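> Below: sequence and its predicted model.
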Amino acid sequence: MQVSLTAPNSVQYLQPTGLFINNEFVASKSGQTLSTIDPATEKEITTVHAAGADDIDIAVAAARSALKHPSWRKLPGTARGKLMLRLADLIEENANILATIETWDNGKPYQQAVAFDIRAAADAFRYYAGWADKVQGSVIETTPEKLAYTIREPVGVCGQIIPWNFPLVMAAWKLGPALACGNTVVLKPAEQTPLSALYLATLIKQAGFPPGVVNVVNGLGRVAGATIASHLGVDKIAFTGSTQTAREIMKLAAINLKSVTLEAGGKSPLLVFPDADFDSAVTWAHIGVMYNQGQVCTATSRILVHEDIYDKFVESFKQKVATVSTLGDPFKDVTFQGPQVTKAQFDRVLSYIEAGKSEGATLIHGGTAYKDFNGKGFFVEPTIFTNVTDDMKVYREEVFGPFAVVSSFKSEEEAVRRANDSVFGLGASVFTKDVKRAHRVAADIEAGMVWINSSNDSDFRIPFGGVKQSGIGRELGEAGLEAYTNIKAVHVNLQ
Ligand code: ADP
């Protein structure tokens, strides 16, 4: 079940390819496989086993039986936390390999994978390890004749369906709170990036988690994902991905009233007021939309700038993108932007570039595919459109690529109204030195997260999630635990 692979930067390692069930890598019953492609070279990296409905049944049964098994159910929170701390250490010890896999499979720059993805994954496990023995019920005062208290119990078997943009981080954000609260998990990575979760699975086993506590099943969304979402043996679904798929999952989860947490799409605004620290606003505007090839659900992709500084901002933003967004080999240190994850995403971004042009917006930077690295690869130049109006597709829809639209506003009232004119409500950035304005706008903006004088500043201690069609529930921070326990009320009659 193991094939030997040579990573592009000559790191050699063994990569399991099976389904990880009961701490073993097993072949899929259906014999189906998925091919995963290096988006920088368009070459196949490997194939992995893909779960069919039968395999999901087996994984869910494994998770169910682990839930009842004394070695997990009776394990004190402190001991669960220790396993998670060990896993965080193992992630750090294997940072090089994990970052290599992530870059190879996803196309993200290696340096960014080390600095953010691996760091964030270890941080999430370590943070939630700390919570594992602090998830407590409470005693509720009633009358002298009664003692009432609550117990916070694990929800049960959690189905976790994750996306391809931050494969390892998304796995950690979901596994961390689930395991801290004593649940068991069937985790399905995205079919575009199946590899890092398999390597994580080897570390989960090495850390000493009992069999069946975490099961990793690669597979297609409409097969493996849909089977998990509609499975009667799954108690909860946590999902990150597109709004359209989130809707689908919510419908499937209705079959047994699974609790759902959904982190979906966005078209997050970034507002620049005339009193802002100009250079800082330009720097963050670039990071906010171009980081990770623009494949970030919270990307601040709608930039609204006050008319007094609009022309200067557009020119500086264009210069920043031109000088900082170095495109090319994701394994080179100088690279800021690698390829889009797949041909489908590459085509999608190019189609929005065409839409922007045909809708009459002005293309001021980028706008074409880039083949200068090896003649291959799903590279798209970082793209900026100005003269964008609020009814344009490129202004309203999530592109999920290195693609910014810039528009101007006259007043704070207009800026907030237009920022809120979206079906999404994930993040929002506000650039101003006026403290009163900053907090006023933060309060008025319809978003799950507001960044004042920064963008996309995620932190494992702080709740992450959206309002409107950007999602339901929160990940990270103490709030991230809520979805993973049920509260049981116990009434004791003392009469
Ligand atoms: P994208 O469109 O960018 O690929 P998706 O939201 O479709 O993003 O995918 C995110 C995750 O959801 C992936 O793991 C994918 O396999 C899964 N998925 C896709 N469709 C379904 C579905 N119908 N039911 C359950 N999971 C799905």
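It's in.

> any idea how far Gly366 lies from the ligand?
21 Å (C-beta to the nearest ligand atom, to the nearest Å). Where you see a C-beta, it was placed from the backbone N, CA and C, and this is true even at glycine.

> wait, that residue sits on Glu381?
Yes: under the criterion of C-beta atoms under 8 Å, Gly366 makes contact with Glu381 at 3.5 Å.

> Overlap in contacts, the two.
With contacts defined as C-beta atoms under 8 Å, 6 or more residues apart in numbering, the residues shared by Gly366 and Glu381 are Pro402.

> was I right about Thr300 contacting Asn456?
Yes: counting by C-beta under 8 Å, Asn456 is a contact partner of Thr300 at 6.9 Å.

> More neighbours: the two, which one.
Using other C-beta atoms under 10 Å, the more surrounded residue of Thr300 and Asn456 is Thr300, with 27 against 21.

> which residues are in contact with both of Thr300 and Asn456?
Common neighbours of Thr300 and Asn456 (C-beta under 8 Å, 6+ apart) are 288, 427.

> Spatially nearest residue to the residue in the stretch 301-450 of the chain that the ligand sits nearest to (excluding sequence neighbours)?
Per C-beta to the nearest ligand atom, Phe400 is where the stretch 301-450 of the chain lies closest to the ligand, at 6.8 Å. In space, and not counting its chain neighbours, Phe400 is closest to Gln295: 5.5 Å by C-beta to C-beta, 6 or more residues apart in numbering.

> Could you report the neighbour count for that neighbour?
For Gln295, the count of nearby residues is 22 (other C-beta under 10 Å).

> for the residue nearest the centre of the chain, helix, strand, or coil?
Nearest to the mean C-alpha position of the chain, by C-alpha atoms, centre = their mean, lies Met170 at 4.5 Å. The local conformation at Met170, judged by DSSP: H, G, I helix; E, B strand; the rest coil, is helix.

> Check it and give its pLDDT.
We have a pLDDT of 98 for Met170.

> how close does it sit to the ligand?
Taking C-beta to the nearest ligand atom, one finds Met170 at 9 Å from the ligand.

> Next, the contact list for that residue, please.
Listed by C-beta under 8 Å, 6+ apart, the contact set of Met170 reads 162-163, 240.

> How about it, nearest residue that isn't a chain neighbour?
Met170 sits nearest to Ile162 (C-beta to C-beta, 6+ apart), 4.1 Å away.

> what sits against the one you found?
Here Ile162 is in contact with 170-171, 174, 187-190, 197, 239-241 (C-beta under 8 Å, 6+ apart).

> and if we set it to 6 Å?
With contact set as C-beta atoms under 6 Å, 6 or more residues apart in numbering, Ile162 has these partners: 170-171, 189, 240.

> Distance to Ile204 for those residues - can I get that in CSV?
Converted to CSV, the contacts of Ile162 look like this (distance: C-beta to C-beta, whole Å):
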residue, distance to Ile204
Met170, 15
Ala171, 10
Pro189, 13
Thr240, 20
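
> from the residues you listed, which single one is nearest Ala122?
Set against Ala122, the nearest of the contacts of Ile162 by C-beta to C-beta is Ala171 (12.0 Å).

> dump the residue contacts of that closest one.
Going by C-beta under 6 Å, 6+ apart, the list of residues near Ala171 reads 162, 197.

> That'll do, ta.
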